[in-house]
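J.: My questions concern the predicted model and sequence given below.
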Amino acid sequence: IAPRFQLSENDTTAVLQLCHLVDGLPLALEIAASWTRMMDCPTILQQTQKSLDFLTSPLGDLPARHQSIRAVLAQSWQMLSAHLRHVLGQLAHFAGSFPLEAAVAVLPERSMLDLARLLDKSLLQWRTNGRYAMHELLRQFALEQTRIETAVTQRHSDYFLNFVAARDKQLVSLDAPNAIREIQLERDNIYLAWETAVSTKQWPLLQKTLPALTNFFTFNGLLPELETLFNKTMLAVQGVPNAQTLPILIQYQHGLIMIKQGRYEEAAQIGKRLDQLSDPLAAQLNQLLLAQVDQFQGRAKQAIERYKQNAAYFEKVQDHERLVEVYLWLGYAYVLQTQFDEALNWLQEALQLSQLLQSYHWQSTIIRYQGNIFIDQGHVTKAHIAFEQALNISRTLQDRIGMAAIFHSLGRLHVSEKNYDEAMRHYQNALEIVRQIGMKRGEVVTLNSIGNIYKHTQQYDLAIKHHKQALSINNLLGMKGVAASLLNNLSLSYKSKK
């Protein structure tokens, strides 16, 4: 086909994705390979993702029925009865695999006999994990051949979004790994269900699902995916008068993503848009976003003023979950003011409330902040105990962002003990996680800390290298307050080298 073809690293990634896309179907791979004399592997993948019609051989040496994937699928389709074609078309509404209980809920009029007949004809597969699956190319073809049934898509959306919403409390409990595993299995169907609900304006259902879905994405470090989902949703809900508080909650969560990534100006812009909605909740969430922007940019005093306004409002409306968040950030802001006793008081308030709510995610974060204060106060043993407790919770929850933050705190603790090897180990653990999940703010902070260790151990070239890497990423993020600290550390490393 292409005698001089050699698989590059870039090609390998595309080939693996293509194999997954066509589910290893030999004819599909053979036809895709025939295009290598005309285009590279990433382009072949891109074209295949656009349409299964691309999988038509440009060569004339195959039987007519094998010239294209469409011809093969059409032949199988024609051999089915009208009833089984209808069943197959309905099952094509599922994305990826699905459990039997979902099929029963979404297609209550179908019987096990219908599934058995499709299994016998190898048009449906039953997997050892108890799930059913249809080949993706067959699914695309079946969807083309049958009309979209509104009732089926609505039942699909209702089932999978309620499936997520039902795991809201479980996601912040010690049983979080089971909830994460269950949601992970249904990710493709959940994406599709969310898109359906947005297009059909199911605002109450989307609002009901939002907390659990946000926690799932956040704990797994899938912030870019969550941001994409929010952007698409906001395009649909902007200006819609009956969208309830969904736009407010999505914009606030979007702002939190910006803060986690160090994109403070974008977070502030989202806050301003919230303030324009003339809604009491929107006004408070604007204050909460701007307070976090203030504290991360070194304006702790302004942040405290905003947080206290938030606390008064959420105490009045008895929103305890939001109060945990406000008390936590109040504690952090007082740390920046080096008012450690006041900080510990607010953190203790937050901890007691999170325990009452059985919100283990917040408990881990609060205990970590307490540990950081213990370092500043010289209470090393207390800090060790706090970080061990926080890490155990975050590991149980499979909260990757939380684990990265705790590893960084442990690194800081070991630096205070001048145990630089152990500190480096924890910083490297943190760096690996933040790079995997694309958390740029965390990468800047961790690279800077690693640079400081190299400076302490008189490895100045490595210190300079890491400070420069941190500064480069920070310049892209525009974190001005952090830039000053990075430049100072870089300058000190250069001076020490001389």
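T.: Here it is on my side, so go on.
J.: what's the closest non-adjacent residue to the residue nearest the centre of the chain?
T.: With the centre of the chain defined as its mean C-alpha position, the nearest residue by Cα atoms, centre = their mean is residue 222, 1.9 Å away. Nearest in space to residue 222, with sequence neighbours left out and distances taken as Cβ to Cβ, 6 or more residues apart in numbering, is residue 437 at 7.3 Å. For glycine as for every other residue, the C-beta is placed from the backbone atoms N, C-alpha and C.
J.: What of residue 328?
T.: Spatially, and ignoring its direct neighbours in sequence, residue 328 is nearest to residue 350 (4.5 Å; Cβ to Cβ, 6+ apart).
J.: roughly how far apart are the one you found and residue 323?
T.: Shown here: residue 350 relative to residue 323, a distance of 8 Å by Cβ to Cβ, to the nearest Å.
J.: between those two, who's got more neighbours?
T.: Neighbour count, other Cβ atoms under 10 Å: between residue 350 and residue 323, residue 350 has more, with 26 against 21.
J.: and that one, what element?
T.: Taking DSSP states H and E as the definition, residue 350 sits inside helix 340-357.
J.: for that helix, packing partners?
T.: Using 3 or more Cβ pairs under 8 Å, 6 or more residues apart in numbering; DSSP states H and E, the elements in contact with helix 340-357 are helix 320-336, helix 360-377.
J.: tell me the angle of the longest one relative to helix 320-336?
T.: Using axes from the mean of the first three to the mean of the last three Cα atoms, to 10 degrees, one finds that helix 360-377 and helix 320-336 are set 10 degrees apart in direction.
J.: start at 11 instead
T.: OK, 11 is where the count begins now, so the last one is helix 370-387.
J.: on contacts alone, who are the packing partners of helix 370-387?
T.: helix 330-346, helix 350-367, helix 390-407, helix 410-426.
J.: Tell me who's in contact with residue 496.
T.: By Cβ atoms under 8 Å, 6 or more residues apart in numbering, the residues touching residue 496 are 454, 458, 477, 480, 481, 484.
J.: if we go to 10 Å?
T.: Shown in contact with residue 496 (Cβ atoms under 10 Å, 6 or more residues apart in numbering): 454-455, 457-458, 461, 477-485, 489.
J.: For residue 96, state which of the residues you listed is nearest.
T.: Taking Cβ to Cβ as the measure, residue 96 lies nearest residue 483 of those, at 53.9 Å.
J.: ok, now how distant is residue 343 from residue 313?
T.: 5 Å.
J.: Same question for residue 287.
T.: Taken as Cβ to Cβ, the span from residue 287 to residue 313 is 22 Å.
J.: out of those two, which sits in the busier spot?
T.: Ranked by neighbour count (other Cβ under 10 Å), residue 287 and residue 313 place residue 313 first, with 26 against 16.
J.: List the buried residues in the helix or strand that contains that one.
T.: Using DSSP H and E, residue 313 maps to helix 310-326. Of the residues in helix 310-326, 310, 312, 313, 314, 316, 317, 319, 320, 321, 323, 324 count as buried by neighbour count, 16 or more other Cβ atoms under 10 Å.
J.: likewise stretch 184-204?
T.: So stretch 184-204, judged by 16+ other Cβ under 10 Å, has buried residues 186, 189-190, 192-193, 195-197, 199-200, 202-204.
J.: next one: stretch 378-389
T.: 378, 379, 380, 381, 382, 383, 384, 385.
J.: quick one: contacts for the third one?
T.: Contacts for residue 380 were tallied using Cβ under 10 Å, 6+ apart; they are 341, 353-354, 357-358, 360-361, 389, 392-393, 395-397, 399-400.
J.: Those residues: which two are farthest apart?
T.: 360 and 389 (19.3 Å).
J.: packing partners for the strand or helix carrying residue 279?
T.: Residue 279 belongs to helix 274-285 when assigned by DSSP H and E. Here helix 274-285 touches helix 256-270, helix 290-306, helix 470-487, helix 490-507, going by 3 or more Cβ pairs under 10 Å, 6 or more residues apart in numbering; DSSP states H and E.
J.: For that helix, give the mean pLDDT please.
T.: For helix 274-285, mean pLDDT rounds to 90.
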